[in-house]
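Participant: Sequence first, predicted model second:
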Amino acid sequence: MAYNNRERERAIIVGVIFPNQTRAQVEEYLDELELLADTAGADVIYRVYQERERPDPAFFIGRGKAEQIAKMVDEDKIDIVIFDDDLSGAQVRNLEEVINCKVIDRTTLILDIFASHARTASAKIQVELAQLEYLLPRLTGKWRHLSKQYGGIGTKGPGETQLETDRRLVKRKIAILKRKLNEIDNQRKVQRKGRRDIFRVALVGYTNAGKSTLLNVMADANVYVEDKLFATLDATTRVVRLSPTRKILLTDTVGFIRKLPHHLIASFKSTLDEIVEADILIHVVDISAVNFREQIKVVEQTLDELGALDKPIITAFNKIDKLEDRSLIYNLANEFKDAVFISASRGVNIQALKDKILSIIDDYYVEITGKVSVSNSEAMSLIYKLGEVLDVKYTDDEHLTLKIKIEKRHLPKISSYLLS
C-alpha cells in the first residue's frame with residue numbers, strides 16, 4: 001500500500017544492546033521502531049543487533065558492523081537504515097559513506113511522522129521548529145540523507161533545502177517560528193480563559209492507547225482515529241455531559257512515546273498546555289500491550305517534565321476486550337486506586353469512567369465566592385497561586401468579590417483572607 005502517494009521503502013532497523021539493557025528489552029524497542037517505520041511508510045526487511053560497551057564515536061556500531069549492513073543493503077535493495085538511538089551528524093555522514101544508502105535515527109523518524117500527520121497551521125509550525133532545532137547542532141559537513149537525491153522518509157519539511165542553508169539562516173527561521181508559536185499560544189490562552197467556568201479534563205497516554213476513540217465515545221464526536229502511531233497531533237476539545245446537570249470539557253492530546261525528543265515537547269508546548277491547565281487527567285493505558293507498565297512509566301515521566309504529575313489522575317485501562325487473562329484486571333484494580341477498566345471501541349464501562357470523574361470533582365474541588373480587600377496583595381497573590389479565579393466583581397471601592405475554583409485541601413490556606 002502506498003503511503004502519502006509514495007511507494008513504501010525497504011528498511012533495516014538497528015538496535016544496540018548496552019550493558020544496562022537485555023536483548024529482550026532491545027527486541028521490544030525494535031518492535032516499536034518497526035511500528036514507527038510502518039507508520040512512516042517503510043517495510044522492515046531485517047533487524048540488526050549489536051552488543052557494545054559504549055557507542056563508537058565514528059559509526060555508533062563500529063565500522064565492521066556497518067560494512068555488514070552495507071552488504072545487506074546492496075544484496076536486498078534496501079532504501080533506508082534506521083537506528084533506534086540518536087546519531088550525531090558525523091556518525092550519519094560516516095555511516096552513509098560506508099552503507100551507501102539513507103541513514104536516519106529514531107528522532108528523525110518520529111519527526112518525519114509528525115511532519116506527515118501535521119494538519120493545522122499550528123501543528124506544522126511546531127513540527128518544523130522541532131525539526132530545525134534537532135538539525136541545528138548537526139549542521140557539520142555534508143548531510144547526504146537530506147538531499148534531493150534520496151527523498152522519502154526523513155526528508156520532509158525543512159530538511160529538503162538544508163544543503164543550501166547555513167546556521168545563521170536556520171537560527172533566524174527558528175526565531176520566526178517561535179514568534180509565530182508565541183502568538184498561537186496567546187490566542188489559545190484567551191480561548192482557555194473563556195472556558196474557565198467548566199471543569200477541564202485531559203486525556204493523556206502512550207501513543208495508540210485509544211485516546212481519540214475514548215473522546216469519540218464519551219462526547220459522541222467524530223475525531224479522526226487510525227490504528228497508527230501519532231494519528232492525531234492537535235489537541236481536540238469537546239463538551240461531555242457526565243449527568244443531566246454536570247458537564248466537562250474533555251481534551252484529547254498528542255500521544256507520548258519512549259525517547260520522545262525533548263525539543264519536540266518544547267515545540268508542542270502550546271498544545272501540551274492543555275494538560276498543564278486541566279483540572280483532572282485521564283491516563284489511558286493499552287492493557288493489551290505486552291509492555292504496558294513501561295508505557296505507564298514513560299507517560300508519568302513526561303507528565304513530571306510538564307509539572308502535571310500532582311493533578312488528580314484516573315488510570316483508564318483500555319482495550320479490556322483484547323485480554324485473554326482476565327485475572328490481570330483484578331490484580332491491577334488492587335494496585336491502582338483510581339483505575340477504571342474500559343473498552344472505548346465497544347463502549348464498555350464508559351459510564352463508570354464518567355462516575356469516577358464526577359466523584360473526583362466532588363472530592364477534590366469546591367467553588368466558593370468571597371470578598372477580598374483590594375489593597376491586600378498577599379491575599380490576591382495566594383488565591384491566584386492556589387486556585388483559579390472564575391469571576392471578579394468590584395463590590396465597592398475597597399473590595400472585590402471573587403468566584404474561585406480551588407482544591408479542597410487549599411481551602412484553609414485562603415479562608416482567613418476572605419471577608420464575609
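Facilitator: It's in. What you are looking at is a predicted structure, and each value in this text was computed from that prediction instead of being measured.

Participant: Identify the residues contacting the nearest residue to residue 235 once chain neighbours are set aside.
Facilitator: Using C-beta to C-beta, 6 or more residues apart in numbering and skipping residues adjacent in sequence, the residue nearest residue 235 is residue 274, 4.5 Å away. (C-beta placed from N, C-alpha, C; glycine too.) Taking C-beta atoms under 8 Å, 6 or more residues apart in numbering as the criterion, residue 274 is in contact with 192, 200, 202, 235, 237, 251, 253.

Participant: helices and strands around the helix or strand in which residue 27 is found, which ones?
Facilitator: Following DSSP states H and E, one finds residue 27 within helix 23-40. For helix 23-40, the packing partners by 3 or more C-beta pairs under 8 Å, 6 or more residues apart in numbering; DSSP states H and E come out as strand 9-17, strand 42-51, helix 106-117.

Participant: export the helix or strand where the residue nearest to residue 235 lies as PDB, just CAs?
Facilitator: Using DSSP H and E, the element containing residue 274 is helix 269-276. Only the C-alpha atoms of helix 269-276 are listed here, as PDB (Å, rounded to 0.1, in the frame of the first residue of the first chain):
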ATOM      1  CA  LYS A 269       4.200  23.500  24.500                       C
ATOM      2  CA  SER A 270       1.100  25.400  23.400                       C
ATOM      3  CA  THR A 271      -0.600  22.000  22.700                       C
ATOM      4  CA  LEU A 272       0.600  20.400  25.900                       C
ATOM      5  CA  ASP A 273      -0.500  23.400  28.000                       C
ATOM      6  CA  GLU A 274      -4.000  21.700  27.700                       C
ATOM      7  CA  ILE A 275      -2.500  19.100  30.000                       C
ATOM      8  CA  VAL A 276      -0.900  21.500  32.400                       C
END
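
Participant: returning to what we had before: so what touches the helix holding residue 27?
Facilitator: So helix 23-40 is contacted by 3, 11, 13, 15-17, 43-44, 47, 49, 82, 84, 106, 109-110, 112-113, 116, 153, 208, 228-230, 257-258, 290-291, 294 (C-beta under 8 Å, 6+ apart).

Participant: hmm, back to that, any idea how far the helix holding residue 274 is from the chain center?
Facilitator: 10 Å (C-alpha atoms, centre = their mean, to the nearest Å).

Participant: On the C-terminal side of it, identify the next helix or strand.
Facilitator: strand 280-286.

Participant: partners of that following strand in the sheet?
Facilitator: Using DSSP bridges, the strands paired with strand 280-286 are strand 200-205 (parallel), strand 313-318 (parallel).

Participant: what distance separates that strand from the centre of its chain?
Facilitator: On C-alpha atoms, centre = their mean, the centre of strand 280-286 falls 13 Å from that of its chain.

Participant: Next: stretch 292-303.
Facilitator: With C-alpha atoms, centre = their mean, you get 11 Å for stretch 292-303.

Participant: Quick check: mean pLDDT of it?
Facilitator: For stretch 292-303, the mean per-residue pLDDT is 93.

Participant: which residues sit against that stretch?
Facilitator: Against stretch 292-303 from outside (C-beta under 8 Å, 6+ apart): 28, 204-206, 209, 256-258, 260, 265, 275, 281, 283, 285-286, 289, 309, 315.

Participant: and if you look at stretch 386-399?
Facilitator: Contacts for stretch 386-399 (C-beta under 8 Å, 6+ apart): 196-197, 367, 371-375, 383, 400-407, 410, 413-414, 419.

Participant: In helices only, show me those.
Facilitator: Among the contacts of stretch 386-399, DSSP state H puts 383, 413, 414 in helices.

Participant: ranking these by neighbours, who comes first?
Facilitator: For the ones in helices among the contacts of stretch 386-399, neighbours were counted using other C-beta atoms under 10 Å, and residue 383 has the most, 22 neighbours in all.

Participant: who are the neighbours in contact with the closest residue to that residue other than its chain neighbours?
Facilitator: Nearest residue to residue 383 in three dimensions, chain neighbours excluded: residue 414, at 5.4 Å (C-beta to C-beta, 6+ apart). Counting by C-beta under 8 Å, 6+ apart, residue 414 makes contact with 379, 382, 383, 386, 387, 404, 406.

Participant: quick one, strands of the stretch 151-300 of the chain?
Facilitator: 200-205, 236-241, 247-252, 280-286 (DSSP state E, counting those that start in this stretch).

Participant: Please apply the same query to the stretch 301-420 of the chain.
Facilitator: Under DSSP E, counting those that start in this stretch, the stretch 301-420 of the chain gives strands at 313-318, 339-341, 365-373, 387-394, 399-407.

Participant: Pick the most deeply packed of those strands.
Facilitator: The highest mean neighbour count among these, using mean count of other C-beta atoms under 10 Å, belongs to strand 313-318: a mean of 24.

Participant: average model confidence for it?
Facilitator: On average, strand 313-318 scores 97.

Participant: Can you pull out the low-pLDDT segments for the stretch 301-420 of the chain?
Facilitator: Confidence mapping of the stretch 301-420 of the chain against pLDDT under 70 gives the ranges 420.

Participant: at 80 what do you get?
Facilitator: Applying pLDDT under 80 to the stretch 301-420 of the chain picks out residues 397, 420.

Participant: List of residues touching stretch 371-379?
Facilitator: With C-beta under 8 Å, 6+ apart, stretch 371-379 has contacts from 380, 383, 395, 397-402, 414, 417-420.

Participant: Which two of these have the greatest separation?
Facilitator: Greatest spatial distance among the contacts of stretch 371-379 (C-beta to C-beta): 397 and 414, at 22.7 Å.
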